[in-house]
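Colleague: dropping the sequence and predicted coords here.
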2 protein chains.
Amino acid sequence: MTEIQQICELLQSMGLSKQVVTHKKVETIELWSEALNSIKASNPSALDSVNFVLTKSLILKPKQPKNAEPIQVFVIAKADSAVSMGALGKELGLKELRFANDEVLTSVFNTSKGNVSPFALGNVPKEKIANVKVILDEALVSTQTEIAFHPCSSDHTVFINSKTLKQYLDSTIGESGYKVLDLSLISAAAPPPASSKPAAKSAEPKVQKKTEDVAGVTKLGLEVGKEEDFSRWYQQVLTRSDMLDYYDISGCYIIRPWAYHVWQTIQEFFDKKIKTLSVKNCYFPMFVSQRALEQEKDHIEGFAPEVAWVTRAGSSELDEPIAIRPTSETVMYPYFAKWIRSHRDLPLRLNQWCSVVRWEFKNPQPFLRTREFLWQEGHCAYIDKAGADSEARAILAFYKSVYEYLLAVPMIDGVKSEKEKFAGGLYTTTIEGYVPATGRGIQAATSHNLGQSFSKMFNVVVEDPNSPANANGDAAKLNVWQTSWGLSTRTIGVMVMVHGDDKGLVMPPRVSEIQVIIIPTGLTTKHTDKDRALVHNACLDLVSQLTKVDIRADADLRENYTPGFKYNHWELKGVPIRLEIGPKDLEKNSVLSVRRDTFAKASLPLENIEETIANLLETIQSDMLAKATRERDAGVRMVLSWDEFVPALNNKCLCYIPWCNTSECEDAIKERSSRAEVGDEPQDEKAPSMGAKSLCIPFNQPTNPPLVPGETKCIQCGNLATVYGLFGRSY
Amino acid sequence: MTEIQQICELLQSMGLSKQVVTHKKVETIELWSEALNSIKASNPSALDSVNFVLTKSLILKPKQPKNAEPIQVFVIAKADSAVSMGALGKELGLKELRFANDEVLTSVFNTSKGNVSPFALGNVPKEKIANVKVILDEALVSTQTEIAFHPCSSDHTVFINSKTLKQYLDSTIGESGYKVLDLSLISAAAPPPASSKPAAKSAEPKVQKKTEDVAGVTKLGLEVGKEEDFSRWYQQVLTRSDMLDYYDISGCYIIRPWAYHVWQTIQEFFDKKIKTLSVKNCYFPMFVSQRALEQEKDHIEGFAPEVAWVTRAGSSELDEPIAIRPTSETVMYPYFAKWIRSHRDLPLRLNQWCSVVRWEFKNPQPFLRTREFLWQEGHCAYIDKAGADSEARAILAFYKSVYEYLLAVPMIDGVKSEKEKFAGGLYTTTIEGYVPATGRGIQAATSHNLGQSFSKMFNVVVEDPNSPANANGDAAKLNVWQTSWGLSTRTIGVMVMVHGDDKGLVMPPRVSEIQVIIIPTGLTTKHTDKDRALVHNACLDLVSQLTKVDIRADADLRENYTPGFKYNHWELKGVPIRLEIGPKDLEKNSVLSVRRDTFAKASLPLENIEETIANLLETIQSDMLAKATRERDAGVRMVLSWDEFVPALNNKCLCYIPWCNTSECEDAIKERSSRAEVGDEPQDEKAPSMGAKSLCIPFNQPTNPPLVPGETKCIQCGNLATVYGLFGRSY
């Protein structure tokens, strides 16, 4: 509040006495516009200026050598001006511009995400101001209308004109402290996407020319393209489609209904599948005693640094700290030992749907790496290896169908290398996905044959029914064979990353809470209330017609939004089919359909519409899988020599390579593929230069060219290759 | 181990050199028998004695004045001898015998539950031995066969004869230290159930003559009757039916598949119901920051003493402790404030299925009071009171149908008194159940209209669409009206308490994972393998026939168990219908059905069996509800004067009373109804003398006699009664 007063005083001192308008906190341009329009509508006198342009202020940073003085780029732009970070970086001679993180916003500009405005420049310490490159959008210099800014937080707006803006900048950072640029020209001149160029040494983010930006159309929904800044796109697409919200505890997120519906669909699908294998659901406590948790030292070693400990209840310190399960092996297996009294109690097949907690200190990422996540974990015990083998594979096939059948995301199935398998288990089977936008692989789900190691640690034994008793009358003991397998809400993240586009989510019909959104159109002031009622009723009739045949349809009859606004809204949420109905459509007894995946439009006769739509949904579902499979196939290369390997990775590919299948060689591959790309910044997992890991040894080994035993060499070490391994950078 | 050696040495010193047989830990007589028989079968030479009787050793304690030296009763009995605690207490002149708790077992006898044997007498300190009344079952004195005991833990067995047993007792506690009793006589002479007597001053547990015990039939499954020791019966019925297991963290329990199926059925049923109200599912993090948790001081006051705090992750202390949600008001409502931007965002209706943690320090009880429990919590926001009102009632009706339609447990619905309502809310609606065995009421589920108090605390406001903007252009603000409502796994506990009997669970067909169990019978050594195969195939055919019409049927074809064993097994688990098929049934083309609820038997023609069974399941379901309703109705009395009130409570009744509906009077009722029964022990919630609480003000007010406004008086204070209140002792 004080700050706002200060800014008001500042403006007054500049000879201006502008009213600061108060409204709800607005997180998007669209909501800001709505808020101001609603004030304007209800009380015009509250706004001095009835015409205004909205703005955005962006703080960016380039890639720099480690010891360099940090530079920031501060862009003050018209809200609908496209800001291509690639092109802007080029213009300024700076590498790989990205959004600055919260720390920079706070420490340099004393502001925070969502609240940035030119007035934050007044907060920069003098010694740092030289390192802030300020870019002023030419569109704001040339405009005659008032310009809207948040003074210092997004629940206030102040209007100033172009002249005052320059006056403010001149007084704050000096005339030479900023540069006026025609952002639309820069954006239009941006280079074509990297994929059509030969692989660059450093994989520069692809930049797409977005015609709607250049044309000056206000961009509802997302502020960044998927190829432009993938990480920011991912966050925006999740939050703005109402899938997810950030939470006030880092690494924890709110799964909102639009995403939870996907999870519930997966649950129902998978739960039915496992019941055909006689797996039964149960629920074990989320708490583990320290003693139980630490019983299996090797296994827990990997989890120990991430375990959350409860040490206090109310105001009482607990006698012993109690852990929250990071996974349930040590929770469950002592009871397996108790419950399995005889071979006749086998197989024991349990599953639970629950959440687990792994207090990761790495960068959290919604759905992919979160401190609490939802999953199912299956834990089974068999009398022999064959039972555990076949179950592990059956479950993996179910996982694959969750991704391919429900989420339209293609998977490569295989077995993990010794290095990558579940610690303590016998072997791990896995399905691996591919995210084209980043060229990274992603482990989608795993199913382990644990062998007998856990049953030995937890003493899960039966008398061997096939072995005669010894002289003491004791039958031979047999340790049971165990499996464990898990699928988490990561599924949702993978789906979003693979299918989403610059307009927002693209939902596969099978998991979309709404499959068909019906929007009345073509109603103008010329139409009567009766016309309007006719169209609205037609929409509602269509909803009930479709709902009757189990198509999840809804109508958006909100009066206060334009059809265009609604199109954008439902495109952002990724609804597979939009149906538009207007008076003319009714005359023709037809409806206009628009596919979300391709934007293909078609006029559909209302006759037999249920069947038409049901078929169209099926088509969209299979087209989405086909498209994702084409992109995946294009992103997985056969690489037969080391020289091709790193360039292929840099070109966002996963690679099949002839491989000797040893851990030493695997380490060397990771090391060499990351060394090959020495950056000037400390490497983190996000950097494109991270090393390649083995993702799996695919069950379906490539055959072209065939791997010739005793002849084909490992591309890294030159020893004989025993398998084709799938390698790549990964999440 | 050392102890076992000591006992062996002891036996040797007595001139005996008995082998101690080792086997799996056995928790029930039935498993013990099985374990020994299996050793005998596989290796007869391992057992010196091929004939033996099994035993049980029970440690009991009477009700005693606070300062009295604690007395224990130690019963050494033949496994199949009935031990009526009521009768035994009478015989010994001791009040209200109950099982001694773990603390007594450890501190006095240095033993633990499941491992008690006469050898534990050797561990009693000399100064305490006089307070141990040892009862030796006459049946063990007169037997000629060897007697089996666990030496000191249930995974070992030692055999001694009657003479040696007496010899051991003589040497350990002296000849006068124990008393030989014919337990079967005592049991047979036990008084008839208390319910047929006039209400006793202190509600002594009812004692039932159990003919199967007197007749010497081995009691598979439960060791105590429901009326005999309700609390122990409840624990046994849950653990032995495989519904639940105890966990190594106090107050936490494992929900096993047999119980989880009930929960999942409830989930599916209720989830469908709330979706008809457009409630959407979501998931909020289980963690709450201290700041958020404590934002609503009044609300959190009730929860603060029970909140579990995470203070450490891996080996790092967290900067701030983080709470695990005890309920999600403070987790969710800050986001309600963010998401609800306009009245057009209303109603917002969210629900989540999750677990919550309340670290209660009171006696935990499976399903009823556990430190972590599963539930759903709904949280909705409306623009007006009417919306919140009608939703709260609609949800309450759903809850009622969960109990009545699915679980066959009748409910009384009403509104909570001011004293008992959800803190911070406007009013609480509730459904209340009744447990006949204890005569206590139980709150089954609640649905709150929170009014506007939370929306005021969390600033969940919209602009009032019906109020014009003021001079400043600000529309009038309106705090939303909220509801919250929850249903937990307590449901399962209530179902078990109401329907279970001395044979075990009685499952309502709609929630039983197996509705029909098919058991082959009548096969003797005279029958050929072909006969056997015919019967087995008939069982399997029947399973598939029933499964096809969605009846959950299974066949128990285990070779190594007798039909009798299987009957007991499935009765313990409460499967609604047992079908027996033998060669003779096949000849008659029929099958013998046995109902679990009534044990009624009927021969059913195999023709059209699907329909017959489907109808029978429906009949059982409605008969169970009818029976429970009759029992409930018999347990709810109309009480019109204070003098009748406490006797009615003591007679295990809930009471409708004319009431002035004030908190002061409610306090007085509790105080007077507990004072009326001053015991000689500190009172706890378990004691029958606990005070009566108001359970609800029923929506359906009794009409016979009608409450006459301005005339009928409150039975406690004598002021005018405004309502009939339902009062009772409760869980």
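Modeller: Alright, I've got the coordinates. As the structure is a computational prediction, the values presented were derived from the model and not from experiment.

Colleague: look up how far A:Ala100 lies from A:Val108.
Modeller: As judged by Cβ to Cβ, to the nearest Å, A:Val108 and A:Ala100 stand 8 Å apart. Heads up, the C-betas are built off the backbone N, CA and C, glycines and all.

Colleague: which residues do those two both contact?
Modeller: Common contact partners of A:Val108 and A:Ala100 (Cβ atoms under 8 Å, 6 or more residues apart in numbering or on different chains): A:Gln72.

Colleague: tell me which element A:Ile417 is part of?
Modeller: Just so we're on the same page, residue A:417 is Ser rather than Ile. If you go by DSSP states H and E, A:Ser417 is not part of any helix or strand.

Colleague: all strands of the stretch 501-650 of chain A, in order?
Modeller: All strands of the stretch 501-650 of chain A, identified by DSSP state E, counting those that start in this stretch, fall at A:516-520, A:553-555, A:577-581, A:590-595, A:601-605, A:636-638.

Colleague: quick one: strands adjacent to the longest one?
Modeller: Right, strand A:590-595. Paired neighbours of strand A:590-595 in the sheet (DSSP bridges): strand A:577-581 (antiparallel), strand A:601-605 (antiparallel).

Colleague: deepest-packed of the ones you listed, please.
Modeller: Highest mean neighbour count of the strands paired with strand A:590-595: strand A:577-581, a mean of 23 (counted as mean count of other Cβ atoms under 10 Å in any protein chain shown).

Colleague: in chain A, which helix is the longest?
Modeller: Across chain A, the longest stretch assigned as helix under DSSP state H is helix A:609-635.

Colleague: dump the strands paired with strand A:590-595 to TSV, plus mean pLDDT.
Modeller: Formatted as TSV, the strands paired with strand A:590-595 follow (pLDDT from 0 to 100):
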stretch	mean pLDDT
strand A:577-581	98
strand A:601-605	97
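
Colleague: tabulate the ones you listed (CSV), appending distance to B:Glu611.
Modeller: CSV is the format used below for the strands paired with strand A:590-595 (distance: least, Cβ to Cβ, whole Å):
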stretch, distance to B:Glu611
strand A:577-581, 43
strand A:601-605, 45
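
Colleague: for B:Pro125, find the nearest of the ones you listed.
Modeller: strand A:577-581 (80.7 Å; Cβ to Cβ).

Colleague: how much space between A:Asn608 and A:Leu586?
Modeller: Distance, A:Asn608 to A:Leu586, using Cβ to Cβ: 17 Å.

Colleague: kindly report the same for A:Leu183.
Modeller: A:Leu183 is 44 Å from A:Leu586, where distance means Cβ to Cβ.

Colleague: again with A:Asp170
Modeller: From A:Asp170 across to A:Leu586, the span is 59 Å (Cβ to Cβ).

Colleague: now A:Lys530
Modeller: Distance from A:Lys530 to A:Leu586, counting by Cβ to Cβ: 12 Å.

Colleague: between those two, who's got more neighbours?
Modeller: In this view A:Lys530 and A:Leu586 are compared by other Cβ atoms under 10 Å in any protein chain shown, and A:Leu586 has more residues nearby, 17 against 8.

Colleague: in this structure the more buried one contacts A:Ala538, no?
Modeller: Yes. Look at A:Leu586 against A:Ala538 with Cβ atoms under 8 Å: they come within range, at 5.7 Å.

Colleague: A:Ala408: how many residues sit nearby?
Modeller: Residues contacting A:Ala408 under the criterion other Cβ under 10 Å number 27.

Colleague: once you drop chain neighbours, what's closest to the residue most central in space within chain A?
Modeller: For chain A, the residue sitting closest to the mean C-alpha position, by Cα atoms, centre = their mean, is A:Gly493 at 4.2 Å. Closest residue in space to A:Gly493, ignoring its immediate chain neighbours: A:Phe367 at 3.0 Å, by Cβ to Cβ, 6 or more residues apart in numbering or on different chains.

Colleague: so what's the residue count around that neighbour?
Modeller: For A:Phe367, the neighbour count with other Cβ under 10 Å is 25.

Colleague: same thing with the one 5 residues further on?
Modeller: Counted with other Cβ under 10 Å, residues neighbouring A:Glu372 total 22.

Colleague: how many residues are close by A:Val723?
Modeller: Residues lying near A:Val723 (other Cβ under 10 Å) number 21.

Colleague: which residues does it bridge with?
Modeller: Going by DSSP bridges, A:Val723 forms beta bridges with A:Trp659.

Colleague: list the contacts of it.
Modeller: Contacts of A:Val723 (Cβ under 8 Å, 6+ apart): A:658-659, A:661, A:697, A:701, A:707.

Colleague: are any of those residues buried, and which?
Modeller: A:658-659, A:661, A:697, A:707 (16 or more other Cβ atoms under 10 Å in any protein chain shown).

Colleague: nearest to chain B, of the residues you listed?
Modeller: A:Ile697 (32.1 Å; Cβ to the nearest Cβ).
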